[in-house]
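Enquirer: Just the structure for this:
(one chain, ligands or ions: 1)
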Amino acid sequence: MTAENRMTVLEKRDAAEGMTLSDRPVPTPGEKEVRIAVKSVGIDGGVEGPLYRWEESYHRYEPHLPQVFGHEFAGVVDAVGSRVDGWRGGERVAVEPRISCGRCRNCRDGRSNLCTEETGFSPHGRKSIGIDTEVPGALAEYVTVPARNLYALPEDVTFDEGVFLELLAIGVHGVDVSSFGIGDRVAITGPGSAGMSALLAAREASASEIVMIGADADEATRLPTAREMGATSTRTVGEGPLDDPVDVFLEASGHQSALELAEASIRPGGELVQIGVYHGANRVPVDLNEFVNEEISVRPINARRESDWRRTLAIASSIDLSPVVGPAFEMSDYESAFAAEADRAGVKVVLRP
Ligand SMILES: [Zn+2]
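Expert: Now for the predicted structure:
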């Protein structure tokens, strides 16, 4: 803390490029909330990255500035609300950023990622810590979150790796709900954090072949990392469709060129799992006739369910996540961190408040 009951935050203050170190009061947890001392927070290339650069798709935040963002994070329980059971100070935790009601049909079905009651300001209209205008995020020394959003961090998982668990759970979600079967062949477009998570999930689920496909800019770092993490081969989108179509294609880039490649690289009767979001596009053209003729299923997924957290935590201890987290920066060195993110350094750039 900078002074008694004050904390350092990295806030988006102005409708222009950049963010600013500032100080705010340390938040007090509500009765069903906990306060987390944030140890590591990720920069999402689809949220904090474009917000920092002040890209047009985020200009709608202007009336709500200043705001503290940051939604991928891990830390230590620092204080608990009066009606919180089962958590105490000092516990290491990862956090589900999406806020859910626990009462609606989807929440009761275990699909809190699709809660219909907690609506918010995120691009998809849902409420998330550090994305919604009403819920300050984790680019701060402390953040308060609903107790129901906590997951205990396995002992041998570092805080930086803890940032990656909510991402790994997206990959687990995609593979789990797909038609994937043991020994199937998969391809993935987009070797960022979502695609790398799909790779890890497919590997843990015993895929016989995993082809990771990236952009030319991924050849230096991310495609070699994909091979290190279990991809059996890597290639670029420019090399065109696969000669040998796969059973399940996980599209995690949100680029039209990747989708077109996927359409041409799935076997008849196979499946497209759509993970990537096409930022800035209202409608995305697909050759639906081709999908009908070939009985190719399309399975979109969004975020993760509680069961994906359970599976992810179960496998996190046996996976070395260190190649996909970092580089890490102190929060005071945020300019270097955002430059690294824009430069595709590593897979998940993290800041340490
Ligand atoms: Zn709900």
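
Enquirer: Quick check: Val273 is in a helix.
Expert: No: counting by DSSP: H, G, I helix; E, B strand; the rest coil, Val273 is located in no helix; its state is strand.

Enquirer: ok, it - how many residues close by?
Expert: 26 (other CB atoms under 10 Å). For every residue, glycine as well, the C-beta is placed using N, CA and C.

Enquirer: Could you give the bridge partners of it?
Expert: Beta-bridge partners recorded for Val273 (DSSP bridges): Leu250, Arg299.

Enquirer: Isn't it up against Val246?
Expert: No: in this structure, Val273 is not within contact of Val246 by CB atoms under 8 Å, at 11.1 Å.

Enquirer: for the biggest helix by length in the chain, packing partners?
Expert: Looking across the chain with DSSP state H, the single longest helix is helix 159-177. Applying 3 or more CB pairs under 8 Å, 6 or more residues apart in numbering; DSSP states H and E, one finds that helix 159-177 contacts strand 33-42, strand 73-80, strand 92-95, helix 193-204, strand 246-251, strand 266-274, helix 306-316, strand 350-352.

Enquirer: mind checking which of those is nearest the ion?
Expert: helix 306-316 (11.7 Å; CB to the ion).

Enquirer: Following element in sequence after that closest one, please.
Expert: strand 328-330 (DSSP states H and E).

Enquirer: neighbours around Gly130, how many?
Expert: 26.

Enquirer: how much space between it and Gly346?
Expert: 21 Å (CB to CB, to the nearest Å).

Enquirer: Next: Val38.
Expert: 20 Å.

Enquirer: and the two? which has more neighbours close in?
Expert: Val38 (27 against 19).

Enquirer: which residues does that one contact?
Expert: For Val38, the contacting residues are Gly70, Phe73, Ala74, Gly75, Ala138, Ala140, Glu141, Tyr142, Val143, Pro353, by CB atoms under 8 Å, 6 or more residues apart in numbering.

Enquirer: Go through these and name the one nearest Glu209.
Expert: Comparing the contacts of Val38 against Glu209 with CB to CB places Ala74 closest, at 32.5 Å.

Enquirer: which ones are touching the closest one?
Expert: 38-40, 92-95, 153, 159-160, 162-163, 165.

Enquirer: Could I get the pLDDT score of it?
Expert: Note for Ala74: predicted pLDDT of 98.

Enquirer: That one pairs with what?
Expert: Ser40, Ala94.

Enquirer: Can you give me the distance of it to Arg305?
Expert: 20 Å.

Enquirer: before we move on, back to that, mind putting the contacts of Val38 into TSV with distance to Ser112?
Expert: Shown next, in TSV, are the contacts of Val38 (distance: CB to CB, whole Å):
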residue	distance to Ser112
Gly70	21
Phe73	18
Ala74	19
Gly75	21
Ala138	19
Ala140	24
Glu141	28
Tyr142	24
Val143	19
Pro353	27
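
Enquirer: now the helices and strands packed on helix 159-177 in CSV, with distance to Val9?
Expert: Conversion of the helices and strands packed on helix 159-177 to CSV gives the following (distance: least, CB to CB, whole Å):
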stretch, distance to Val9
strand 33-42, 10
strand 73-80, 13
strand 92-95, 17
helix 193-204, 24
strand 246-251, 35
strand 266-274, 35
helix 306-316, 27
strand 350-352, 12
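
Enquirer: Any idea which of the ones you listed gets closest to Cys107?
Expert: Nearest of the helices and strands packed on helix 159-177 to Cys107, taken as CB to CB: helix 306-316 at 9.1 Å.

Enquirer: does that closest one come close to the ion?
Expert: No: remark: helix 306-316 sits outside contact range of the ion, by CB under 5 Å from the ion, the gap being at least 11.7 Å.

Enquirer: Give the closest residue to Gly326 in space, chain neighbours not counted.
Expert: Gly346 (5.3 Å; CB to CB, 6 or more residues apart in numbering).

Enquirer: Wait, a helix at the one you found?
Expert: No: according to three-state DSSP, Gly346 belongs to no helix; its state is coil.

Enquirer: Count the neighbours of the residue lying closest to Glu263 once chain neighbours are set aside for me.
Expert: Of all residues not flanking Glu263 in the chain, Asp287 sits nearest, at 5.6 Å (CB to CB, 6+ apart). Here the number of neighbours of Asp287 (other CB under 10 Å) works out to 14.

Enquirer: In this structure His279 contacts Gly49, no?
Expert: No: at 10.7 Å, His279 does not count as touching Gly49 under the criterion of CB under 8 Å.

Enquirer: Surely Ile213 touches Val237?
Expert: Yes: judged on CB under 8 Å, Ile213 makes contact with Val237 at a distance of 5.9 Å.

Enquirer: Return every residue with contacts to both of the two.
Expert: Joint contacts of Ile213 and Val237 (CB under 8 Å, 6+ apart) are Thr189, Ala258, Leu261.

Enquirer: which bits of the protein sit near the ion?
Expert: Within reach of the ion by CB under 5 Å from the ion, the chain has these residues: Ser100, Cys101, Cys104, Cys107, Cys115, Glu117.

Enquirer: Does Thr144 touch Val34 like I think?
Expert: Yes: using CB under 8 Å, Thr144 makes contact with Val34 at a distance of 7.0 Å.

Enquirer: neighbour-wise, which of the two wins?
Expert: Using other CB under 10 Å, the more surrounded residue of Thr144 and Val34 is Val34, with 26 against 19.
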